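*Asks:* I would like to see how this sequence folds:
(chains A and B)
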Amino acid sequence: GENVEQHPSTLSVQEGDSAVIKCTYSDSASNYFPWYKQELGKRPQLIIDIRSNVGEKKDQRIAVTLNKTAKHFSLHITETQPEDSAVYFCAASRGTGRRALTFGSGTRLQVQP
Amino acid sequence: SQTIHQWPATLVQPVGSPLSLECTVEGTSNPNLYWYRQAAGRGLQLLFYSVGIGQISSEVPQNLSASRPQDRQFILSSKKLLLSDSGFYLCAWRDNQNTEAFFGQGTRLTVV
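*Replies:* This next block holds a predicted model:
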């Protein structure tokens, strides 16, 4: 099955700096890669996703890049703000939605004001 | 629009007691349904998934079970809880287009 590894496990940045979180996946057939943000005690919520036919996607301060050859993808947050502090999860899946998303272990991002 | 309901929000149960967590989805038919568990400060571990009524796939051996008695209802159960069953349980659904998963509000279970 799919295995997703995520690092770093914790990341502390100063407000205004950029943050980068990286994930690798094992199943070369995976073709959908979402990123979720989970605030303390809340449900994970999608912030951005990318499919394997695209190398990069951007939404305001958030961007995701995908390298299919190397089987890794990254989340980039620019101009970080204190409200960006949360746990971020990457995930991967293939085929139809009948398959579950496999999640990384999460990154706790702390943005220092 | 689609919504997912999960209850209860919090639960404190003694060791050896039974468990039943319920999840329902509205606004869609034939959803793919999932139960995940999140231990404190850890990632999301897939426990069960279901692609249709009565169809359950288990991802990890454990003393938990799942059932799908109706198209949009997914239940997580245990006959006898263990201390190690404590955690944050999340129900989720996806459609068949390989898009995002939508999560319920979660149930924080503490086994004492």
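*Asks:* What's the mean pLDDT across stretch B:71-83?
*Replies:* On average, the pLDDT along stretch B:71-83 is 96.
*Asks:* now that stretch, how far from the centre of its chain.
*Replies:* Distance, stretch centre to chain centre, for stretch B:71-83: 7 Å (CA atoms, centre = their mean, to the nearest Å).
*Asks:* can you dump the C-alpha coordinates of it into PDB?
*Replies:* The C-alpha coordinates for stretch B:71-83 follow below in PDB (Å, rounded to 0.1, in the frame of the first residue of the first chain):
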ATOM      1  CA  ASP B  71     -26.100   4.100   2.500                       C
ATOM      2  CA  ARG B  72     -25.100   7.300   4.500                       C
ATOM      3  CA  GLN B  73     -24.600   5.800   7.900                       C
ATOM      4  CA  PHE B  74     -21.300   4.500   9.300                       C
ATOM      5  CA  ILE B  75     -20.900   3.200  12.800                       C
ATOM      6  CA  LEU B  76     -17.700   2.400  14.800                       C
ATOM      7  CA  SER B  77     -18.100  -0.100  17.600                       C
ATOM      8  CA  SER B  78     -16.300  -2.000  20.300                       C
ATOM      9  CA  LYS B  79     -17.500  -4.700  22.700                       C
ATOM     10  CA  LYS B  80     -14.800  -3.900  25.300                       C
ATOM     11  CA  LEU B  81     -12.700  -0.800  25.200                       C
ATOM     12  CA  LEU B  82      -9.000  -0.800  26.100                       C
ATOM     13  CA  LEU B  83      -7.000   2.100  27.500                       C
END
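*Asks:* what residues does chain A put near chain B?
*Replies:* Taking CB under 8 Å from any CB of the partner chain as the measure of proximity, chain A contacts chain B at A:6, A:31-32, A:34, A:41-46, A:49, A:89, A:91, A:93-106, A:108. C-beta coordinates here come from the backbone N, C-alpha and C atoms, glycine included.
*Asks:* Low-confidence bits of chain A, can you list those?
*Replies:* Applying pLDDT under 70 to chain A flags the ranges A:97.
*Asks:* and with 80 instead?
*Replies:* A:95-98 (pLDDT under 80).
*Asks:* Okay, strands next: where are they in the chain?
*Replies:* Since no chain was named, I'll use chain A. Taking DSSP state E as the test, the strands found in chain A are A:4-7, A:10-14, A:19-25, A:32-38, A:45-51, A:56-59, A:62-67, A:72-77, A:86-92, A:102-103, A:107-112.
*Asks:* not quite, I wanted chain B
*Replies:* Ranges of strands within chain B are B:3-7, B:10-13, B:19-26, B:32-38, B:45-52, B:55-58, B:64-70, B:73-78, B:87-94, B:102-103, B:107-111, based on DSSP E.
*Asks:* May I see the buried residues of stretch A:48-62?
*Replies:* Neighbour counts over stretch A:48-62 (16 or more other CB atoms under 10 Å in any protein chain shown) mark A:48-50, A:52, A:62 as buried.
*Asks:* Among those residues, which one lies nearest to A:Thr69?
*Replies:* A:Ser52 (11.1 Å; CB to CB).
*Asks:* returning to that earlier point: ok, which pair from the buried residues of stretch A:48-62 is furthest apart?
*Replies:* It's A:Ser52 and A:Ile62 that sit farthest apart of the buried residues of stretch A:48-62, by CB to CB, at 19.0 Å.
*Asks:* So for stretch B:104-112, mean pLDDT?
*Replies:* Stretch B:104-112 comes out with an average pLDDT of 96.
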